[in-house]
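>>> Provided below are the primary sequence and the corresponding predicted coordinates.
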Amino acid sequence: MLLQQLVNGIMIGSVYALTAMGATLIYGILRILDIANAAAYAVGAYLGWYIYTLTNNLFLAFFLAMILTGLIGVLVEKYIYLPIISKPNVITIVPLITSVGLFTLTGDLLRLIAGPNVKSLGVKLRIGVLQIGNLRINPEWIFIIILTALLFSILWFILNKTKLGLAWRATASDSEIAQAMGVNINVSMALSYILGYGFAASAGIMVGLLYNSIYPTMGDIPSYKMLAIIVLGGLGNPVGTVLAGLLIGLSETLVAAYIGSIMPRDVIAFLVLIIVLLVKPSGLISKKNA
Amino acid sequence: MYLIVVSVNIGIFILLALSLNIITGYAGQAALGHAAFFGIGAYTSAIMTSNYGFSFWISLPVAFMVSGIVGIGLGLISIRMKDDFLAITTIGVNFVIVALFQYSSFFGASLGMTVKKPMFFGMRMNTSGYLILITIIIIITCYFIHKMNKSWFGLALSSIRNDEMVASSLGIDVNKYKILAFSLGTAIAGIAGAVYAHHMTFIYSSDFAFTVSIGILSMVVIGGIGTIRGPILGAILLGAAPELFRFFADYRMIVYGGLLVLMMRFQPQGIFGNDSFITRNFIQAYKNIFKKKVGDIIE
Amino acid sequence: MKRKLKSLLLVSLALMMAFSMVACNSKPVETNDDPIRIGFFAPITGPAAADGLSTSNSAELAVEIVNGNGGINGRKVEIVKYDDGLDTKQAVNIAQKLTTNDNVVAVVSGSYSGPTRVAAPIFQEAGIPMISGYAIHPEVTQSGDFIFSQSFSGAVQGKAGGVVAVDMLKAKRISIIAVDIDFGKELSESFTQYVEANGAEVVSLDKFAMSDSEFGPVITKLKEEVKPDLIYMANYYGHGAEIVRQVKNMDFDVQILGTEGIDSYQFLEIAGEDAEGVILTTNMDRDSEDESTQTYIKTYTEKYGLIPDMVGASVYDAFQVLFKVIEEVGTEPEDIRDAIKELKNFRTVTGVLIEYAPSREAIKPVQIQIIENGEFHYFDRIEDLDIITPVPK
C-alpha cells in the first residue's frame, strides 16, 4: 500500500506544482502575490470546457485555452498591474488587494455566464489502466503526468535555452541591473504573464478533467494553497516550486492514509510551510537558479 | 432595527480594521491572518460565558488578553521572517487556528458554539446595546491610537516602517516594538471577537477564515492605510457594500470586486489616505475656508 | 486637533443613538388587497450557489403556481428573496430586514445550517414563523416554537441509513467517510449508533473538510487494508461523486450508501456511469405515483431545464405547508405557527408529512433510492415510526 500511496502523493503533488507554477513565474519578475492566478485557473478550465464541447478535441481545447488565458494575462498585466506597481511608493499589499478584487469579480462573472452548476468534461480516455503488480495508475493520471512533464520541459527549455529565457532570468535576479544591461524588462513581464496565466489555465483544465467537474468557485482552494507552495519553494523559484508541490502532495497523502483525519487537508500545507520557514526562513531553495 | 444590526456589524469591522492598521499601517508589518485573532477573542469569551458561566463583562478583558498573548507569538515569528514570507506565514497561522476551532471538541468542533446574550443591569442586552458598546470601544481605541501616534512608541513604529535597519541603528529596540504592535493589534481584534460572538449568538470556525482576514485588510487599504479615518471609512464602505448593493442582487459581488480593482488601480493610497484625491481636495477646501496651514490637518 | 477628534466622535455616537431610536418604526396597516409576503433566503452567490439556484427556482415555482391558481383566498403571494452568500453575518442582516422592514408573515430558509442557525433566533424573537428547508443543525429548531424544519433531523436520517446498511443490505463491516461539518457529524454519529447496536461493525471513519475533493489516498487505504463491505458517505454531491469515481477507478467492489447530500442531478453529472448502483436515503421518491410529486418534477424540469433535487423539493414543500395553513387560518403569525403545529397527514412532494414532532422537525417517511440508468429510482421506503420519529435530546 505504501508504494501506491507514494505514487498517489507524487501525482497530486505534480498537479500542485503545476497550479503554483504560474504564480511563481509572476512573482519571479513582478514580486506580486497574484491571487488572481486562481481566477486564471478557473477561466482556463471554463475555456477548455467550452472549446472541448465545441470541437470534441481535448488537445486543441487544452492548448487553445492556455494561449487564450495567457493573452488575457498580458492584458491584465499591461492595464492593471503594471500601472499600479510603477507608481512611486506603492506598498506591497496594493497589488495583492487588486488581485483579490480580480479574483472575486471573475468568480462571479463565471457564475453569471455559465451558471453555478458543475460542468462535466465527460472525457473518456482511450488509454487503459496502467497496472504494475499491485500498483494502479488511472488513465487520467497518465495523461496528466505526461502533460505536466511536457509543460515543465518546455518551461525549462524556454528559461534556460532561449534568449527570452536569459532575459527573464536576468530580470528575475535583479531587474535594475538587467535593464542597465539592455534587457527589455517589459518583454520579461509579458512573458511572465503569458506563461503564468497559461500554466494556471493548464492546471485548471487538468484538475477539471481529473475530478470531472468545473464550477465557478473551483479557484477558491488554489487561491491560497498555491501561495503556501510558492513561498515554501523560495518565492519566485520554479525548481523550488516543483519540490514544494511534491512535498505538500506527499505530506497530505501520507497523513490521510496513515494518520487519518486529524486536521483538514488544506492545513497540512500551511503547517509544513510554517515548520520549514521557522527552520529556514527563505524557503526550500532560496538561490534563484531556474 | 435592520440599520442597527448592520451598524453593529460594521462597528465590529471598524474595530478590526483599526487594530490591523496598528500592525500593517503603523508598524508596516504584513499580516494576512487577522481573522484568527478575531476568532480567538470570540471563542475565548464564548467558552467563558457559555461553558463556565462567567459574565460577558469579565470575558471582554480576558479575550483582549488571550488574543494579545497569542499575538506575541506572531510578533516573534515576524522577527524571524520578512515581507512576503511573513505575509504567507500569517495566512498559515490563520488556517491552523481555524482548523483548531473546527477539529477540537473543546471549541464545539463542527457544530460551532452557541452563545447566550449577556445581561446588563438585569436586562438582556439588545441590539442597540451592542451598538452603544461597540461605539464606545471604537472611541476609546481611536483616542488611544491618537495618543500612541504622538508618543515615543508611535515614532518608533513609524521609523521601523520606514527602514528597520536605520531604526535599529538609531538605538530603537526593533524587536520589542514589533512584538508590542502585533500584541496590541491582535488584542483589540480579540475584543471585537468577544462582541461579535455575543452579538451573533452563534459562532463557527469558518466565520474567522482567511477570506475574512483579506476583507479586513481590504478595508484598511481602501480607506487609507496608516491613518485613523482611513480604516474607519473603509470598514463603513466595504461593510455596507453587500447591503447597499442588494438591489443589484446578482451583480453585487462583481461590483464589489470591480470596485476593489478600480480603487487600487487609481487610488492605491486609499480613498481617504494621506495624499488621496479626496483628502487633497478636502484639505484645499478647508484651507480656502479657514485659511489654515495644511500641516495642522494631516496627522 | 484633539478637541476636534473628540467632538467628531461624540457627534458620531449621538448620531448612532438617534439612529437606533428612529429605526424602531411601526408596522404599516395591512389590507386585503395587499399581497401576502413570504420571506426567503438562500446562498445564491458563493460556494453553495448551485443549491441556492435549486432552492430559489423551487421557491419561485411554488409562488408562481399558487398565484396561477388565483392565490390564497383571493390574495396574491409575493416572495421577498435575499442572497446570504453562505455568510452568517449577511444572514443576520437579512433576518433583521425581513422581520422589521419587509412586513413578511412567514419565512422559508433555503440555506445551509450556519445562516439558518443565526437567523432562527431573530425570527423567534420577532414572532415570525420560519420553516427551514433542509438545514440539519439540531439547534435550528431549538431556537423556539416559531421555528420548524421541513427535513427530518440528521439523527433520523443517520438511523435510517443504518437500517438500510444492516437490515436491508446485510453489511457487516462498514467504513464511514464523512464531511466534517454538522451534516456529516450528525448523520455519521447516529448511523454508527444504530449499526453497532444491530450487529455490524464500523471499521473506519474518515473525516474530511468541506473543500476537499481528493479521495485517492483514503480509498486506497480502504481497498487495501480496511476491506469493508459497505461505504457510508455522509457528505455532499461533489465529495460523493469523487468517492464513487475513485472506487470504480480502483476496481474496488463495494456497496456504496449515500445520503440526501448526494441527491442532486450534479452528482449524476459528475459521477456519470460510476454512480450506477449507489443507494441513498433521501426525502423525494422519483417513482412516486403521487400527483403533486410528478407535477413538481415535470413543471420544474420544463421551466428550468434542470432536474429537481432534494434541496429544491424541501423548499417547495415548505411553501406548500405555508400556503395550506395561511389558507386555513389567515396571516397572523401566531395562528400560522399554531396551524403548522397541528398539521397532520399533509401530502407534499416528498411524501406524506405525518406531523411535526415536538422538536418541530417534520416526521415523514425516509425514501431509499437507487441510481439506475443515470436516474434516481425507488428502492425501498422506511415508514416505521420508531425510526423516523426524532428522539428528543
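Cool, got the structure.

>>> okay, C:Ala50 and A:Leu166: tell me how far apart.
Plainly put, C:Ala50 is 47 Å away from A:Leu166 if you go by CB to CB, to the nearest Å. Quick note: C-beta positions are derived from backbone N, CA and C, even for glycine.

>>> so what's B:Ile172 closest to, chain neighbours aside?
Closest residue to B:Ile172 in three dimensions, ignoring its sequence neighbours and counting by CB to CB, 6 or more residues apart in numbering or on different chains: B:Ala156, at 5.0 Å.

>>> higher neighbour count, C:Ala50 and A:Leu166?
For C:Ala50 versus A:Leu166, neighbours defined as other CB atoms under 10 Å in any protein chain shown are more numerous around C:Ala50 (25 against 15).

>>> what parts of the stretch 1-150 of chain B come near chain C?
Contacts of the stretch 1-150 of chain B with chain C, taken as CB under 8 Å from any CB of the partner chain, map to B:1-7, B:9, B:102-103, B:109-112, B:114, B:127-128, B:131-132, B:135-136, B:138-139, B:142-143, B:146.

>>> stretch A:20-35 near chain B anywhere?
Yes - Stretch A:20-35 is in contact with chain B by CB under 8 Å from any CB, via A:Tyr27, A:Arg31, A:Leu33.

>>> keep only the residues you listed that also lie close to chain C.
When CB under 8 Å from any CB is applied, no member of those is adjacent to chain C.

>>> show me where pLDDT drops low in the stretch 51-200 of chain A?
In the predicted model, the stretch 51-200 of chain A carries pLDDT under 70 at residues A:126-127.

>>> picking up where we left off before, restricted to buried residues, select the residues of the stretch 1-150 of chain B next to chain C in PyMOL.
Buried members of the residues of the stretch 1-150 of chain B next to chain C, defined by 16 or more other CB atoms under 10 Å in any protein chain shown, are picked up in PyMOL with:
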select buried, chain B and resi 1+2+3+4+5+6+7+9+102+103+109+110+111+112+114+127+128+131+132+135+138+139+142+146
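
>>> circling back to that earlier point, thought the residue nearest to B:Ile172 was touching B:Ala167?
Yes - here B:Ala156 reaches B:Ala167: they are 7.2 Å apart, a contact under CB atoms under 8 Å.

>>> mind listing the shared neighbours of the two?
Taking CB atoms under 8 Å, 6 or more residues apart in numbering or on different chains as the criterion, B:Ala156 and B:Ala167 do not both touch any residue.

>>> quick one: the helix or strand hosting the residue nearest to B:Ile172 to chain centroid distance?
B:Ala156 is part of helix B:152-162 when elements are defined by DSSP states H and E. Distance of helix B:152-162 from its chain centroid, counting by CA atoms, centre = their mean, to the nearest Å, is 20 Å.

>>> list the contacts of the nearest residue to B:Val98 once chain neighbours are set aside.
Nearest-residue entry for B:Val98: B:Ser205, 5.1 Å, with adjacent residues in sequence omitted and distances by CB to CB, 6+ apart. For B:Ser205, the contact set (CB under 8 Å, 6+ apart) comprises B:Gly39, B:Val98, B:Ala99, B:Phe101, B:Gln102, B:Phe107, B:Gly112.

>>> if we use 10 Å, what do you get?
When contacts are counted by CB atoms under 10 Å, 6 or more residues apart in numbering or on different chains, B:Ser205 is found next to A:264, B:39, B:43, B:97-104, B:107-110, B:112-113, C:180-181.

>>> how about A:Ile67?
Contacts were defined as CB under 10 Å, 6+ apart; by that measure A:Ile67 touches A:Leu47, A:Ile194, A:Tyr197, A:Gly198, A:Ala201.

>>> dump the residue contacts of the most far-flung residue of chain A relative to its centre.
For chain A, the C-alpha farthest from the mean C-alpha position belongs to A:Gly133; by CA atoms, centre = their mean, that distance is 32.7 Å. Contacts for A:Gly133 (CB under 10 Å, 6+ apart) come out as A:Leu3, A:Gln4.

>>> and if we set it to 8 Å?
Residues in contact with A:Gly133 (CB under 8 Å, 6+ apart): none are found.

>>> cool, C:Lys341 as well?
Counting by CB under 8 Å, 6+ apart, C:Lys341 touches C:Asp145, C:Tyr356, C:Arg360.

>>> what do you get if the cut-off is 10 Å, keeping everything else the same?
Shown in contact with C:Lys341 (CB under 10 Å, 6+ apart): C:Pro129, C:Asp145, C:Phe148, C:Val325, C:Glu355, C:Tyr356, C:Pro358, C:Arg360.

>>> and these, which two are furthest apart?
The two members of those with the most space between them (CB to CB) are C:Val325 and C:Pro358, at 18.1 Å.

>>> so for these two, which sits in the more crowded spot?
Counting neighbours by other CB under 10 Å for C:Val325 and for C:Pro358 shows that C:Val325 has the greater number, 24 against 12.

>>> now the more buried one: closest residue in space, sequence neighbours ignored.
C:Ala339 (3.8 Å).

>>> ranges for the strands of the stretch 101-250 of chain A?
Secondary structure of the stretch 101-250 of chain A by DSSP state E, counting those that start in this stretch: the strands cover A:130-132, A:135-137.

>>> the following helix or strand past the helix holding B:Ala156 - contacts with which helices or strands?
On the C-terminal side of helix B:152-162, the closest following helix or strand by DSSP H and E is helix B:164-169. Here helix B:164-169 is seen to pack against helix B:152-162, helix B:174-200 when contacts are counted using 3 or more CB pairs under 10 Å, 6 or more residues apart in numbering or on different chains; DSSP states H and E.

>>> now the last one and helix B:152-162, what's the angle there?
Put simply, helix B:174-200 runs at 100 degrees to helix B:152-162, going by axes from the mean of the first three to the mean of the last three CA atoms, to 10 degrees.

>>> buried stuff in helix B:174-200?
When neighbours are counted by 16+ other CB under 10 Å, the buried residues of helix B:174-200 are found to be B:174, B:177-200.

>>> what's the residue farthest from the centre of chain A sitting at in phi/psi?
For A:Gly133, the backbone dihedrals (degrees, to the nearest 10) come out as phi 60, psi -120.

>>> tell me how far it lies from A:Phe143.
Taken as CB to CB, the spacing of A:Gly133 relative to A:Phe143 amounts to 22 Å.

>>> write the ChimeraX selection for whichever of the contacts of B:Ser205 are buried.
Remark: buried members of the contacts of B:Ser205, expressed as a ChimeraX selection using 16+ other CB under 10 Å:
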select /A:264 /B:39,43,97,98,99,100,101,102,103,107,108,109,110,112,113 /C:180,181
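
>>> in helices, which of the contacts of B:Ser205 appear?
When DSSP state H defines the helices, the subset of the contacts of B:Ser205 inside them is B:Gly39, B:Tyr43, B:Ile97, B:Val98, B:Ala99, B:Leu100, B:Phe101, B:Gln102, B:Tyr103.

>>> okay, B:Ile236 and B:Arg229: tell me how far apart.
10 Å.

>>> again with C:Ala95
Counting by CB to CB, the gap from C:Ala95 to B:Arg229 is 32 Å.

>>> ok, which residues in the stretch 51-200 of chain B are in contact with chain A?
Residues of the stretch 51-200 of chain B found near chain A, taking CB under 10 Å from any CB of the partner chain as the criterion, are B:77, B:80-100, B:102-103, B:161.
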